[in-house]
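**Student:** I would like the atomic coordinates for the input below:
(2 chains)
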Amino acid sequence: MKTNFFLLFLLVFLGCSERQAELEFPDAPAKIVLDGYISPHGSSLFITSFTPSGKILDPQHLFLNDAQAILFLEDEPIDTFMLIDTLGHFELGPNDKILEGKIYRLMVSSEGLSDVVVEDLLIPKPIDSMQMIYEPMDALEGSIRVNFDVPDNSLFYCSCRGYDSIGIERDISSTFFSDVGDCPATWTLPRYICESRCFGVDNPRLAFDFSYVTQNHWFPVGDIFVNLHRIRYSISRCGERYRYLLDVQDGFDLGYKEPNVTESNVKGGYGVVLPLNISEAEVVF
Amino acid sequence: MQLNSFLFFYFFFIISSYGQTTWVCSGQVVDSQTNEPLVGANVYTLSVEKGTVTDAYGRYSLSVKLADKALIASYIGYESDTCLNLINGCYFELKPLELKEVIVRANQPELQKKLGQFTPTMEQISSLPTLLGDIDIMKSMTLLPGVSGGVEGSSGLLVRGGNLSHNLVILDGTPVYNSTHLFGFMSAFNPVAIKNVTLYKGGFPAQYGGRLASVLDITMKDGSMRKRATDLSIGLVNSSFMTEGPIWRDKISYMIAGRMLNLSPILGLGHAASGETASYWVYDFNGKVKYKLSKKQSLYLSYFQGQDNFRINEIFESSKYKWGNSVVSLRYNNQISRRVFLDAGLYYNKYAYQATQESTSFEKNTERFRNASGIDDLSAKLAARWVFSSKYRMRFGVELSQKSFIPVNFSNQLIDSLGGILYGRDVRDYLLTNDFVYFLENDVVVSRKIKMKIGGRGIVYKNNGYFSNSMDLRTSLTYEIGQNGSIKFAFDEMNQPFHLLNSIGSSTPNEVWIPSIEKLPLSKATQLSLGFEKMLPRQDVKISIEAYYKRMKNLVRYKPGVAYVFIQKNQWQENVLAGGDGKAYGVEFFANKSKGRFTGWLGYTLSWSQRKYSGTNRGKWFAANYERRHDIELTANYKLTKKWKLAGTFVFQTGRPLTLPSGFYLLPDEPFGHRYNIVFDEINDSRTKVYHRLDISASRQYVTKRNREAMWTFGVYNVYARNNPFSYRALLSSHENGIEVDPRMILYQKSWFNFVPSINYSIKF
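**Tutor:** Numbering: from 1, shown residues only, chains lettered A, B, ... in the order given. The predicted model follows:
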């Protein structure tokens, strides 16, 4: 309402109008889009296609299930991603050839589209100071907190998954709080990347807090409550250079704001592939 | 510096030989009714062989000889005056032309022959048709070649490819850091309080500096020394008054002016029904006192305050924004001798911005966020003009200033219902800069046809550990072709020791001024301009063509994705992109008819303006915001009868650069499924639709029964209701006529200001 007050005034008094524009969008060819990470304990990749502005999204060719994604160490192929569903999800199991400090390259091809490559995927050091605290207050309330040391102002991958009594996985990353430690954190969902904002704090620590207020570990997940039996946090450092690749733009008003150019480390395509070194901690109720 | 020293002594030696047969006649040109100095009046010899224009204090000095016999002073809207006593200097009192008279003049010299300079009269500015009838000095400047505005209807100036912050706007010698009201849609300067405006786009005098693109020098009215007068004006947008008169006849005068926006009552009505309240108070105040110590010495005290206060109260939330300038200056000028003029002054400006947002919970606790920024600028100047002879004059001076910047002033408090603070956090960053400026300008008549200006402006800048010492060269050359034509060349270097960060993405003002530091050194610009100018005396038309090429270095902008609110002490330093490059070039054509029953001008600009930052657009050049490849402006004023005046403005511009999405893709977003990411490949890779509009106005000026001058003005902005693009909105639509379809990108254009009528009434007491 605040932002619209002036528009409202002009609409009434000056005859503001809005209509479909006749401008042509810039030409852009269809390209491969990658979104995911590689990590020693498991890698994940979502492979899809890009729809140019002037075209209608084509569901038939949206998910590139035929894609071939190969991971290289220097010029040596070390593994191939496997398709796990029909929605463009590919995975790689734990791989002892993916090591801290090594630089990897990912090549992806799909029929009818130009090949793409992601270079300089340097696997970071793992987080070794992760601490998980489970504090049930009573049957109705409690909290689970994970905290770890961070350097000033850096990026982290943080994901939180819950599992119910029959082992069904629930992504609950979007429901925990991060503004509880010494440093506030800013989220860049959907890639589970958070940016710690630590300035002038001695021994800064970042904390993720997950509180529940219902009986027997019923947690809010989206609009519903789910009874969880265990929760697993996955945390990794993420290179500072990926900060500007993570911007997601899903709505904009071109009159006021100059949009950011979409950055990508996928040469010849779009999206972001992150090199991670995920550490995990789990609490079982 | 060595070059300047050499030239100084060289010209000093040369000019000493001239003073034998000629002498310097100096004096002042004033309004006979108010005794107010006339800025930019022509003073010339009877033979029209040589002449000059008066300075900001109405003063002139001209080298004459016995054969010249007489001096003539003329000014638009005034009767000319002749002076025969050249020995003792001439003090001209020009009589304003009566309302009934139709101004027809011929055979007067065109003396303002400076490259890249334009001085419209306030009469010219006020006769242009405007949006909602609101006379706006800044907007009228956008009708000149080489100058464009930002968003439609806004008062921002973009000169020869520069940014909004690259313009030095000075009011009675004091820089004004934010020159607009109403989110940029209204200039901060009340036209009834303004006496003179001069815009410099190139060929910058050495006395001006500190910005890269232009200088807009605005002088407030001094106030009449002889009679009291009041001017009242009521319009759709605002209402204003100005009153002036003598405190001590011919010794001390005053001028007070005020202006207020008429928007608040309208907003109150609009929001009453929804349970929300909104208020928007805008005012500005101008005041000036002139003390004429003697015929050759004057003291001026000027004050200006402009403020915007915008507030919205909802049930559990409230937002307050306020911003504005306070400007005060004390100036002294003295004509020490016929040849030497001295100007001294103390100047202070404070610009402050503050946004407060409060939200109240059910428990009656209030969380308050306050974000503020600002700049304080205190300076002292001393300058002198020394007229050695008709062939050589020199201007020099020094300036000391201290600026304090507050780029970050953030507080977050949780307050309980009793006013106790449950939680509080404050972050403030404060930086103090000092600079010392010196300048020297030599004005030399090399031969009968060649005139040259050469000088420089040095700045010694200090900010904590950062120190910078640089020298700008300013030079121009004029070669006269015949009596009415000339070719001109100018080379200018400019530097700017501070930067402005403003994200155009916000609906509220978010200007943050930051000083130069080690990581963000002084911005620099180099401009080369070449022009040809010819006066067509029969038609009273001056035509000019100017070409320019400009390079800019060390430009600064936000990093991609950074919002405008800083909440950490040093966050602004890491959130800016430094080391930006800019280049701008173009050709400007201007034909101006400023005298007679029919006046107006035609301007055309062909221009390019680009930017490059290593941290955005993948390091590639991109078109600067608001670059207009072709820009045509036509203004016309016609004095139909003694009472009626007609005016019209036509503007045609190429669309401005626009960043359009090149496509979109899906991202997994568990547990909610998927979301789209819209892709932008290059900054400003498209252009908006062509912009054009026609504005017209008619004014009826008359004398009331009580012998008061009054005027009604009726106008229409955008007569043929052209849907010009104001903004664009792109969205991914997955519905068509209520049916779910596969998503596609759709672009919508917003248009404002379609056929906007206006009415304005003003009366003079």
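**Student:** quick check: which element contains the residue nearest to B:Val39 when sequence neighbours are not counted?
**Tutor:** Leaving aside its chain neighbours, B:Val39 sits nearest to B:Asn196 (4.0 Å; criterion: CB to CB, 6 or more residues apart in numbering or on different chains). Where C-beta positions appear, they are placed from N, C-alpha and C, glycine not excepted. Using DSSP states H and E, B:Asn196 falls within strand B:194-200.
**Student:** circling back: B:Asp492 versus the residue nearest to B:Val39, what's the distance?
**Tutor:** Here B:Asn196 is placed at a distance of 22 Å from B:Asp492 (CB to CB, to the nearest Å).
**Student:** higher neighbour count, these two?
**Tutor:** Shown here are B:Asn196 and B:Asp492; by other CB atoms under 10 Å in any protein chain shown, B:Asp492 has more neighbours (28 against 20).
**Student:** my guess is the more buried one meets B:Phe204, correct?
**Tutor:** Yes - shown here, B:Asp492 and B:Phe204 form a contact pair, counting by CB atoms under 8 Å, at 5.0 Å.
**Student:** which residues do those two both contact?
**Tutor:** Counting by CB atoms under 8 Å, 6 or more residues apart in numbering or on different chains, the residues touching both B:Asp492 and B:Phe204 are B:Arg474.
**Student:** how far off centre is stretch B:452-465?
**Tutor:** Stretch B:452-465 sits 22 Å away from the centroid of its parent chain (CA atoms, centre = their mean, to the nearest Å).
**Student:** for B:Ser214, see how far away B:Lys451 is.
**Tutor:** Look at B:Lys451 and B:Ser214: by CB to CB, they are 23 Å apart.
**Student:** and the two? which has more neighbours close in?
**Tutor:** Taking neighbours as other CB under 10 Å, B:Lys451 and B:Ser214 compare with B:Ser214 leading, 25 against 19.
**Student:** so what's the more buried one up against?
**Tutor:** Contacts of B:Ser214 by CB under 8 Å, 6+ apart are B:147, B:157, B:159-160, B:162, B:166-168, B:199-201.
**Student:** the closest residue to it other than its chain neighbours: how many residues sit nearby?
**Tutor:** Once flanking residues are discounted, B:Ser214 sits nearest to B:Val159: 3.8 Å by CB to CB, 6+ apart. Counted with other CB under 10 Å, the neighbours of B:Val159 add up to 28.
**Student:** about what we covered before: counting by contacts, list what the strand holding B:Asn196 packs against.
**Tutor:** Applying 3 or more CB pairs under 8 Å, 6 or more residues apart in numbering or on different chains; DSSP states H and E, we find strand B:194-200 packed against strand B:117-118, helix B:122-126, helix B:137-141, strand B:214-220.
**Student:** mind putting those in a markdown table, mean pLDDT included?
**Tutor:** Formatted as a markdown table, these follow (pLDDT from 0 to 100):
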| stretch | mean pLDDT |
| --- | --- |
| strand B:117-118 | 82 |
| helix B:122-126 | 80 |
| helix B:137-141 | 88 |
| strand B:214-220 | 94 |
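**Student:** which of those sits closest to B:Leu342?
**Tutor:** With CB to CB, the closest approach to B:Leu342 among the helices and strands packed on strand B:194-200 belongs to strand B:214-220: 18.2 Å.
**Student:** next, the angle strand B:194-200 makes with that closest one.
**Tutor:** Going by axes from the mean of the first three to the mean of the last three CA atoms, to 10 degrees, strand B:214-220 is angled at 170 degrees with respect to strand B:194-200.
**Student:** may I see the buried residues of strand B:214-220?
**Tutor:** By 16 or more other CB atoms under 10 Å in any protein chain shown, the buried positions in strand B:214-220 come out as B:214-220.
**Student:** A:Thr262: which of the helices and strands packed on strand B:194-200 is closest?
**Tutor:** Closest approach to A:Thr262 among these (CB to CB): strand B:214-220, 34.7 Å.
**Student:** before we move on, the earlier item: hang on, the residue nearest to B:Val39 packs against B:Glu123?
**Tutor:** No - counting by CB under 8 Å, B:Asn196 sits too far from B:Glu123 to count as a contact (11.5 Å).
**Student:** pairing partners for the host helix or strand of B:Leu530, with directions?
**Tutor:** In the assignment (DSSP H and E), B:Leu530 maps to strand B:523-536. Counting by DSSP bridges, the strands paired with strand B:523-536 are strand B:485-496 (antiparallel), strand B:541-558 (antiparallel).
**Student:** quick one: neighbours of B:Arg706, just the number.
**Tutor:** By the criterion of other CB under 10 Å, B:Arg706 has 8 neighbours.
**Student:** so how far is B:Arg597 from it?
**Tutor:** As for B:Arg706, its distance to B:Arg597 is 29 Å (criterion: CB to CB).
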